[in-house]
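> Coordinates only, no sequence provided:
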């Protein structure tokens, strides 16, 4: 063996300082030229007006940020499911979104069949476990040692199967989440701040709390249990995990089940805010930009990324959206991620990407 | 026809010009090179050869001088033959894979002044023996690779010589002179000297005139109706008379296309690509193809294998009759059609024999099973018997009269006589003019009335077909005075796939016996199927069940010997299976894999004794050379079995049942 | 192919006059790790130059600098009289530098033929629309380059694997195909990173012959990294020895062999 | 078994480099074309032509487009539908701007706009690979989909927000619009698909195709061959988007009609085409056809096939079953043959060539 050298990832511009300077300079120049040519005050509407609004109505800003925060939490939860599986098995689980829907539908469906709410939760957990085992048996095991892209594609298959399966069982219509039966709070808390009224939904507060609790629990699980440590080991090396005495197959079942639990909780929270429907599948795609921001293997990254995307998206929609006809929520997250990719491809917390030659 | 052609175009250069006139744009030569079949039509070939001839002449080649040609089958090497003949020089093709020693002898004996070779390898070989070739003036090579830094004062690229010749021919006077030079050639001129590969003694230079070779070519072309649409692949040594006649003379005469393979390893693929219509191969080639087929089919799915063997059976039943144009029941015809679609057609395709009009095998005896297999799947395979001295053809199998165990009837224009000692003598217009610089040998071989002694013993069967038994000098006699043809017996045994080698003893003894080698692959397969466990060749060879199986083969051979005239006395009375494989490294085989009977008899004397003293086993220990050159000793106790002998002169009982 | 003076059988004279490439005081760091420190040497036209050294000596990094994968922090590389500060690999390729990799870097999904054809990319000029037609000029261009590629296939004796996907070929043949791909670029300077790694004796001999033939027939200048000292001593005209990213010796094989530093650093160590 | 290769030799590089060097393959292609040209339009019912053949052809073209990007160049895209949409909307704008120009020309031109947009969204591909690039293409998907609804200029400020397909004719035969018969639309589709497939085949077999595959297989070595990575990748985006754009224009103008333009170019369509490429076989043109046939015909076949077999299944249930089946098939395919139908086809062909031998 000769020396394996590493090659720095190519960068558009060598120094970040230069890069930043150039961008600022470009914006200033563009503004200067733009304002001069601008007759209908478009540039004013983009670069000045929104900030004026923020300052003038801070309560609206807080309200928007809060809403962003809440949807950010939910993005983060979905992303968390991705990260768990990616870390432990290297599979990029596209099906995480549909698992959320599926878990929520199962819960609601069971309740509608007359199962008591909390029993339904337990049975749903059982279903998620069964799903994890099935996926491990039917999909992952036969595909072991295949390239990542193949496994990625396989999760597309899982997604489609679950969509069909879920719709066949529970029908395609949106359903109401059984929030009350699960003792989730209802109504809103109105706060009088900054000269305005900020309305916080209790369910949102609960969601944020439960999400935090779950993340703490997961962290503890990874830190303090044998299985948790094994899971962390497997992320580094499969052999290391085997030496802890847990088979790879078991680990897969465990992470997929854990991701299933996360999915169920996400589903309950999300369902309580809107309703349970397959539209969530598209929303779940937002986890992708979250992951890009946070890095594919970092749990804190998933959370921070989720929050950034959630808040950024809401702010963008509220202050800039009307300028272009609204609805920019649908793509803004991806553009934020794209911008990030160009300058920090490894994400906020990711390791530096090194190409080997 | 013979005289007609000879009158107009009585030499090969003249024939070439005739082709360039009559079928100028038809492809004459193809060579798989650089990934595609590079082709030249007759006009281009004629042009090249003419320029080549001029180039050779300008290098100083004179009428009557000899040009050695060494290499694999390449268009330019064939052209060099014609170019030499153009100016009256005599091409001497030489076996390319021979050691430098052998090459030195031939080149020196032929007094070759030029050598046209294929590549660096041959150049190096010649350079290494240059001091022993005082006559050699120039070397020409086809492939320049690696020769860039060689001294080019006496070394030339063929391409350059051709180009130089082409430039010189721009001068119309030079052109006319060259044309006159060519016109001067006559059919009776010495056309080529072919050295026979010397299994015994030094190689002998067989001198054939243009006329001799042309007649030979005509015999073949007329016999099978070859014409300009045919395709042949040239892959056998250019120094061999067969290749010279098939790939040079007949191509020139009939105007068909000669295809040169990319390399010796790709012949099968290349043959498939070209789809030859006229083919020649020694039995070993056909045998290899069949073996590979059977081995590959073993890996096929059960259903497909079943289907395959079912249709092979159908072919065995009806195939040959259909090929021979005999009447076959409708059901057989339909089944054969189906089989043709499912099995035979694809098989012919894989072998590259889809378009085959006629294929020949010769050189050694071909196993009847093997022969019939190819015929049954619709390949018109035939045997011929020939010799360099005959300009190849002595006997051939006419369509519809093909029998596996004969070599056919006398070829057109050939007369055959069997001598008292059984030797086959022949006479025809294509026989050679004598051995080069060896009048004694010539006199020995040619009788006063113009017959040539073939050196082979044989007899005609009832249908007038010739059967070759063995080399005349090898056919011995038992103590009883009965004929003992060892090779004939050995070949009969070797036709069984389970038997790899056989050595027959019996000269001057009371009866004939054989020592055998089993074929480890074939018998190994059999062992696997029959749950016979073995650890080594030795163990397998000594196994009783193996002995039983081989005994059946010996029995069948005895039956067939008993049924033939004069052969009944040579039935095998006792046999044994040798404990080791005969090996060229141990001197038991020649390098061409022929058994050295005398040496083996000496080496395994205790076993031979046991064959004749009635004991049922004997101890033997032999020294062997391992692959890495170490020597060791193998010791074993070898069993001897008796075989049943049948009364002679009548059909052996129940042979049909056995088959 | 430049015209070399022709000599009597077997021997050859290489024109080793002008400097084709010179490396001047190159230093390369990865973060805090110094891969190469202040190394200078030159490669003359027509020679076979070996770069040797123990593992981790910075040999591959050196090649990577030469063909533009890495940009050294200090020093310069002068190629054909042109001093360059920054170099991208495709620019190096256009300038006439080809290379092979230590661990074969073939295009695994493509056939031998297509792999070697990619080496002709730079020389193919026909535009997109002709390519979309694949007739006329584009086809003629393809054919012309196919001819060149066939010559290389013939040269390297890989006719039989012409149309097979390279991914399934034995390692020795893959190395040969990779050499073929580099040759297809008709490079002036050929960088070979351990061309004989992982080969058996016979394959090594073949590869040696090919390297010599390339140098001899096409006049290609060759810089190679190799571990087999016998091969290095037989093949190369001059040898540069690296250790821990520094040059410790430079000269003819005999000189290098006799150098005490080299003996200490390298030859004494079993590899 | 059907192959008789003996005698099929190549004496020129042109014939050796032909896409179908074997006579049997050429015959096969000719037979398929003959069926497509004669048998289908004359024997097929209007329903078959309009609901099976036209969608199949259009999906095939889109799948070829994506295959160029994903299969040949190794760049994942989840924005196929959006690029198709660009084609459709460009075509609509072109028909209003140049009403006199033949619709076929406009469909072909509209691909160019798609190509341009494709290049724009392909720019990040120099820096990012794999999943990351998938996200970049998702940005394209959602942004463009949004634009189709929110930028009124694109649909000429129609109150309905829909675009309409005007009637356009060639030699007085209506090609588009309500008056166009399924047969006519089918012939237009067939012609476009055949010609564009031929172009695609030429490109992937030439220098550009080799460059793409080189980038896909080993980008570092490709760079070393003098292939400029950015150029090769952008070219892939451009060509791929062109094909998708034309397919999108065909989809609206020759199949759906304008009313649904805002809805069809959704992420789900992107996924569908991706599945076609995967099931068909990455890096195979013929695979694109297989994949498209499989996934475009499967739902129709289920919807009408299962009841015919006596399995009672309602419309919605059929859709659910289709989803499950597609999902299960994707997984099955990835497990059994990750290289898709094209590889199975290739193996089958190889078996036929070596018949009766197993290899």
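Okay, I see it. All figures in this text were calculated on a predicted structure; none of them were measured in a lab.
> what about the longest helix in the chain?
As the question left the chain open, I've gone with chain A. helix A:58-89 (DSSP state H).
> oops, I was thinking of chain C
helix C:137-156.
> thinking again about what came up before, average pLDDT for the longest helix of chain A?
Mean pLDDT, computed over helix A:58-89, is 83.
> right, is it up against chain D?
No - applying Cβ under 8 Å from any Cβ of the partner chain, one finds helix A:58-89 out of contact with chain D, separated by at least 9.5 Å. Yep, even glycine has a C-beta here, placed from its N, CA and C like the rest.
> Give me the buried positions along that helix.
A:59-89 (16 or more other Cβ atoms under 10 Å in any protein chain shown).
> Name the SS class of the one residue in the stretch 101-250 of chain B that gets nearest to chain A, please.
As assessed by Cβ to the nearest Cβ, chain A sits closest to residue B:146 within the stretch 101-250 of chain B, at 31.4 Å. Under the three-state scheme (DSSP: H, G, I helix; E, B strand; the rest coil), residue B:146 adopts coil.
> In the stretch 1-150 of chain B, what residue lies closest to chain D?
Counting by Cβ to the nearest Cβ, the stretch 1-150 of chain B gets nearest chain D through residue B:37, at 4.3 Å.
> Could I get the pLDDT score of that residue?
At residue B:37, pLDDT is 93.
> Just the buried residues of the helix or strand harbouring it, please?
Secondary structure from DSSP states H and E places residue B:37 in strand B:36-41. Within strand B:36-41, the residues scored as buried using 16+ other Cβ under 10 Å are B:36-37, B:39-41.
> List just the nearest of the residues you listed to chain C.
Closest to chain C, out of all of the buried residues of strand B:36-41 and judged by Cβ to the nearest Cβ, is residue B:36, at 8.1 Å.
> and the closest one, what does it touch?
Residue B:36 sits next to D:10-13, D:15-16 when contact means Cβ atoms under 8 Å, 6 or more residues apart in numbering or on different chains.
> I'd like to know which elements the longest helix of chain A is packed against.
In terms of contacts (3 or more Cβ pairs under 8 Å, 6 or more residues apart in numbering or on different chains; DSSP states H and E), helix A:58-89 is packed against helix A:49-56, helix A:96-112, strand A:196-201, helix A:202-224, helix A:226-236, helix A:248-273, helix A:287-294, helix A:299-315.
> what angle separates that helix from helix A:248-273?
Interaxial angle of helix A:58-89 relative to helix A:248-273 (axes from the mean of the first three to the mean of the last three Cα atoms, to 10 degrees): 160 degrees.
> Just give me how far helix A:58-89 sits from the chain centre.
Distance of helix A:58-89 from the chain centroid (Cα atoms, centre = their mean, to the nearest Å) equals 6 Å.
> do the same with stretch D:337-346
18 Å.
> With chain A in mind, check whether it reaches it.
Yes - using Cβ under 8 Å from any Cβ, stretch D:337-346 reaches chain A at residue D:338.
> avg pLDDT for that stretch?
86.
> got a list of contacts for it?
For stretch D:337-346, contacts defined as Cβ under 8 Å, 6+ apart pick out A:146, A:150, D:278-282, D:284, D:286-287, D:290-291, D:294, D:333.
> switch the cut-off to 6 Å
A:150, D:279-281, D:284, D:286-287, D:290 (Cβ atoms under 6 Å, 6 or more residues apart in numbering or on different chains).
> of these, closest to chain C?
residue D:284 (11.0 Å).
> how far away is residue C:55 from residue C:103?
Distance from residue C:55 to residue C:103, counting by Cβ to Cβ, to the nearest Å: 15 Å.
> more crowded one of the two?
residue C:103 (15 against 12; other Cβ atoms under 10 Å in any protein chain shown).
> okay if I get the buried residues of strand B:36-41 as JSON lines plus distance to residue B:282?
Output for the buried residues of strand B:36-41, formatted as JSON lines (distance: Cβ to Cβ, whole Å):
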{"residue": "B:36", "distance to residue B:282": "29"}
{"residue": "B:37", "distance to residue B:282": "25"}
{"residue": "B:39", "distance to residue B:282": "28"}
{"residue": "B:40", "distance to residue B:282": "28"}
{"residue": "B:41", "distance to residue B:282": "31"}
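> Tell me if I'm right that the residue of the stretch 1-150 of chain B closest to chain D and residue B:31 touch.
No - in this structure residue B:37 lies outside contact range of residue B:31 using Cβ atoms under 6 Å: 7.1 Å.
> center of chain C, which residue is that?
residue C:191 (2.0 Å; Cα atoms, centre = their mean).
> is it true that that residue touches residue C:62?
No - contact criterion Cβ under 6 Å: residue C:191 and residue C:62 do not qualify, at 9.3 Å.
> Give me the neighbour count for the residue nearest to residue B:438 when sequence neighbours are not counted.
Spatially, and ignoring its direct neighbours in sequence, residue B:438 is nearest to residue B:204 (6.2 Å; Cβ to Cβ, 6 or more residues apart in numbering or on different chains). Close neighbours of residue B:204, defined as other Cβ under 10 Å, add up to 24.
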